[in-house]
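Colleague: could you work out the structure for the sequence below:
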Amino acid sequence: MKELLEPRSIAVVGASQRRARGTGVIVNLRDAGFAGEIFAVNPRYQDVLGYRCYPTVSELPDGVDCLVVAVSADAACDVLEAAQRRGIPAAVVLTAGFGEGGIGDARARRLQALAAKGMCICGPNCFGLINLKSKIAAYSGPLSRQLRAGNVALVSQSGGLGASAFAPLMADRGLGFGYFVSCGNQLGATIEDFADYFVDDPAIDVIAIVIEALKNPRKLAAVARKAHAARKSLLLYQAGRSATGQIMIRSHTGALASNGEVLAAFLRRCGIVQVRDFDEFVETIALFAVAPRDDGITNDVIVVSGSGGNAAIATDVLEDAGVALADFEPETRQRLRDVQPEFGSVTNPIDGTGAMYDDPEHLPRIFAALLAERRRPAIAASVSVRTGGNESVRRLADGVADAARSSGRTVVAFQYSPLGGPLDSEMIGMLHGAGVPVLLGVSNAMRALRYLPIRREYWARAGAAADASSAAPSIRPDFNAGDFLSVRKALMASGIAVVDAALAGSEEEAVAVHRRFGGPVAIKAEAPGLLHKSDIGCVSLGCDTAEKVAAACRQVIQNARNAGFRTASQVLIQPMMTGGTEVYAGIVDDPLFGPAICFGLGGIFVEVLNDVRTEMAPLSHAQALTMIHGIKGSKILTGVRGRKGCDIEALANLLVGLGRFAFANAGKFRALDLNPIIVGAPGEGAVAVDIAVETGNEEAASLPAHAAS
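Modeller: This next block holds a predicted model:
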């Protein structure tokens, strides 16, 4: 990795005396001020742009650290294999055609083989990389003349998306970058490898990541622990989140917990800030790069604006983002009343009126009133940073900077619209020098602010977040994933109450089971692959006599056979459950991230409302409670409008047990549903009625999908 990111000499294959990607790389290396040796490789020329050109990689001089490859995909494989034989340790492969869209898989395998032998490869299908500290630009995209070294490192699978954050933040907003890496297909070095390198660089404070998919989550979890310990910011944006495929479609859990939702749960567990919108991602980079590390910052915000409409928009966005406006102490309201015009506001948000622009002392007086409060919410002040601003606008920016500098508080300047032409670099530099981030667009700015207390919370974990695999569960029950009674026994051993059940192979056995249970029962057909039984008439409810039990057995088995399950010959019998509230919980065992727990309202609501919370297993009691209270329908469980609440404690314990079971049995099945779970009133407990398992090595396990309550 050092030779890739800190090369002393670089050879560019595919550079020519005509316009080409390789030629552009040489231009960028030259313009960035690269102090090492630069060579070109092309049999047609003696030199390219004044740099010596060699016919082949094999004829390069000794000591080349990094090769940049900008030739066809087939030729690239030959070139890289020759480079490895030559002893060149690192390469940037700009070329596409290595498995994208299912084309070039054989070429991809050749590159992977080189990486397995030790060659550090960036790409293929990428723009390349820039190290601004060392003035290295092994990069094929357009390069800004305003290169600034600084505390941000950005790595992106998408070169275009990464560049659309890197270039304007550096050129327009004056942010400094240590690195920008476009890593493409990640057939060699991965997002996680680059992040690991960045987190160990003492000059880097912010690591920003753009992914389509991760390759090595465990390594990223370790990077997060190091970042927390060093109080560095780690944030991530996933492109194409809505198009992420579902893990499987038969199980409710598989349908509800897509890869994107499991990724989000994994990132929360690691303590990595996930930003859901790209424009918001760009503003969050700007925020984290400049804002002070304010341990005392609270979770709320004060908005100061000279425009009432601007303040109203900010308030709307903050509410949508779940960020509270700070409440003022009575003394603060009085101080504001003393300095504000008669028609000015003394509550949050603060409309400073036109007096902010007309009176040089007005904004400092507002800040003095606010900073006298004991609490430390972030203060977001509306400031225009366009070029050509008048003197009153510049004075306003000076006042914001002075308040931040003198108080050490988190103060953010936001321009309410990202539009309007070029920005005033002098004004931005002055604000940044005072630790005031400059954010563009009121909506993106307000949404970005919600991540400041989240970052503080992650830092407070001090490395305790992330990979839960070290928490060994105490129970590892053996069970057959295709057998209801076996799974039921294993779940109960993990502390999960499951309603009683018995299998019957004849009507006589079913009647005997009914007598043993002593009340109405549910009858369900059993057959390998039979899920969602109620949809095809394979469930009969409320059977309260021997005659009804016998008739139900005949009917559900016949319906199963009519639906194509010819081997159906048994029924599962369970006592009917009455009362309580139905909820749902499930496990999805993601092949990349491991087991996750899903929770939501049960019965048909889990399908209709899609109101589900997903977290990685295992779960602490506090995490289980957060899941319960985190769904939109949580008031149904806690009690609303005369409706009694449920046994939240028992439900939390059930989720903890399910997380323990999931973690202990990772790899044994793809998904498991408990739907419904009947939760009684406080003190009455929670019991799972139905179990459905997706095993992954057959069409489906023969467990019931819709028991009745």
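Colleague: wouldn't Asp295 be in contact with Pro453 here?
Modeller: No: using Cβ atoms under 8 Å, Asp295 makes no contact with Pro453, being 10.7 Å away. Glycine gets a C-beta too; all of them are placed from N, C-alpha and C.
Colleague: count of residues packed around the closest residue to Ala230 other than its chain neighbours?
Modeller: Leaving aside its sequence neighbours, Ala230 sits nearest to Val199 (Cβ to Cβ, 6 or more residues apart in numbering; 7.0 Å). By other Cβ atoms under 10 Å, 20 other residues sit near Val199.
Colleague: please identify which of Asp295 and Pro453 sits among more neighbours.
Modeller: Pro453 (19 against 10).
Colleague: find the nearest non-adjacent residue to the more buried one, please.
Modeller: Asn299 (4.4 Å).
Colleague: parallel or antiparallel, list what pairs with the helix or strand hosting Ile573.
Modeller: For Ile573, the host element (DSSP states H and E) is strand 570-575. Sheet pairing here is set by DSSP bridges, and for strand 570-575 it gives strand 502-504 (antiparallel), strand 521-526 (antiparallel).
Colleague: quick one: mean pLDDT for the longest one?
Modeller: By that I understand strand 521-526. For strand 521-526, mean pLDDT rounds to 94.
Colleague: check the offset of the very next helix or strand once past it from the chain's centre.
Modeller: The helix or strand immediately downstream of strand 521-526 is strand 539-543, counting by DSSP H and E. Strand 539-543 has its C-alpha centroid displaced from the chain centroid by 43 Å (Cα atoms, centre = their mean, to the nearest Å).
Colleague: strands paired with strand 539-543, and their directions?
Modeller: strand 521-526 (antiparallel).
Colleague: check the offset of the partner strand from the chain's centre.
Modeller: Chain-centre distance of strand 521-526: 41 Å, with Cα atoms, centre = their mean.
Colleague: average pLDDT for the strand holding Ile573?
Modeller: Averaging the model's pLDDT scores along strand 570-575 yields 95.
Colleague: next SSE after it?
Modeller: Counting by DSSP H and E, what follows strand 570-575 is strand 581-590.
Colleague: returning to that earlier point: please point out which parts of the strand holding Ile573 sit buried.
Modeller: Gln570, Val571, Leu572, Ile573, Gln574, Pro575 (16 or more other Cβ atoms under 10 Å).
Colleague: between those residues, which is nearest Asp398?
Modeller: For the buried residues of strand 570-575, the minimum distance to Asp398 (Cβ to Cβ) is 73.1 Å, reached by Gln574.
Colleague: and Ala355, backbone torsions?
Modeller: Main-chain torsions, Ala355, degrees, to the nearest 10: phi -60, psi -30.
Colleague: surely it meets His362?
Modeller: Yes: using Cβ under 8 Å, Ala355 makes contact with His362 at a distance of 4.5 Å.
Colleague: those two: who's more crowded?
Modeller: Taking other Cβ under 10 Å, Ala355 and His362 do not tie; His362 has more neighbours (22 against 18).
Colleague: relative to Gln340, how far out is that one?
Modeller: Counting by Cβ to Cβ, to the nearest Å, the gap from His362 to Gln340 is 9 Å.
Colleague: list residues touching both of these two?
Modeller: Contact criterion Cβ atoms under 8 Å, 6 or more residues apart in numbering; residues shared by His362 and Gln340: Gly352, Ala355.
Colleague: in which helix or strand does the spatially closest residue to Phe39 that is not a sequence neighbour reside?
Modeller: Leaving aside its chain neighbours, Phe39 sits nearest to Ala11 (4.2 Å; criterion: Cβ to Cβ, 6+ apart). Using DSSP H and E, Ala11 sits in strand 9-13.
Colleague: so how far is Val206 from the residue nearest to Ala230?
Modeller: 11 Å.
Colleague: overlap of the contact sets of the two?
Modeller: With Cβ under 8 Å, 6+ apart as the test, Val199 and Val206 both reach Lys232.
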